[in-house]
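In: Dropping the sequence and predicted coords here.
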Amino acid sequence: MDKKFVTNEIFRINKIIPNEKLGQHFIVNRKYLNLMADGIDKDTIVIEIGSGFGQLTEALTIKAKRVIAIEIDKRFKRSLYDLAKKYKKLELIFDDALKVPFDKLIDKKLIRRGRVMVIANLPYHITEPLFNKMLHYPNIKMRLMVGKKFGYQAQIKDPEDLHFTSLSFLVRSFYDVNLICEVPKNAFNPQPKTDSMILDFLPKKMNLDDKVDFLSRGLFLFQKYGT
């Protein structure tokens, strides 16, 4: 049976219409769900942003030591509570992930050891706010499904590139960025306007000199490009 039809059926049963303001586009291709969960092991603690009906949540929970699923839309409570009954290592938080202090959820020692990973099919409009938030958590890895435009900008290394932005600079200064794959827009329901990418963001180790250099280069960039 076509997975897009199954998702439409879930919408109907739960009387849910995807909220465009929240950037809700649900993955309906099992291949990309599996890629989002690939490499997660029993020592990994996952913070998932935007759990929706819980398809990706379940794939992550099967593999990870613990999953903290954060969902702002309370219409998904029914589906996620059913999933939490099935998996004791799944914890649910119904709140805005940008306002949730991650270090209050997880032992700071585990964060410092690099045991924590943020995973999200990321709504496009919270991309920059999320990266600003993650400056407070320099040891947390991320695997994000992002819009193709940002995915391209995140991989640009040359500040002289016309597509290089202040967000590109922020990302490249703090993370090594690895492309997992490109994702066609027909892998979602409803379809977004553009294709997407799955990217890993691996924190760079920075000492004090690195941070000073970061601020100096940042000031230069903003003065030169104003972006």
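Out: In hand now; what should we look at?

In: show me where the protein has strands.
Out: 26-27, 45-49, 66-70, 90-93, 116-121, 141-147, 175-183, 188-189, 196-203 (DSSP state E).

In: what's the longest one packed up against?
Out: Strand 175-183 sits against helix 30-37, strand 141-147, helix 148-155, strand 196-203, with contacts defined as 3 or more Cβ pairs under 8 Å, 6 or more residues apart in numbering; DSSP states H and E. Bear in mind the C-beta positions are built from the backbone N, C-alpha and C, glycine included.

In: quick one: average pLDDT of it?
Out: For strand 175-183, mean pLDDT rounds to 96.

In: Kindly report the same for the third one.
Out: Summarised as a single mean, pLDDT over strand 66-70 is 98.

In: Repeat that for the second one.
Out: Mean pLDDT, computed over strand 45-49, is 98.

In: Reformat the strands of the chain into a markdown table and put distance to Asp161 next to each item.
Out: Converted to a markdown table, those look like this (distance: least, Cβ to Cβ, whole Å):
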| stretch | distance to Asp161 |
| --- | --- |
| strand 26-27 | 30 |
| strand 45-49 | 29 |
| strand 66-70 | 34 |
| strand 90-93 | 38 |
| strand 116-121 | 26 |
| strand 141-147 | 18 |
| strand 175-183 | 14 |
| strand 188-189 | 28 |
| strand 196-203 | 17 |
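
In: List just the one of these that sits closest to Lys77.
Out: strand 90-93 (8.1 Å; Cβ to Cβ).

In: okay but Val183 is in contact with Pro192, surely?
Out: No. Checked against Cβ atoms under 8 Å, the pair Val183 and Pro192 is beyond contact range at 9.7 Å.

In: Compare the two (neighbour count), which wins?
Out: Using other Cβ atoms under 10 Å as the criterion, Val183 and Pro192 rank with Val183 on top: 24 against 19.
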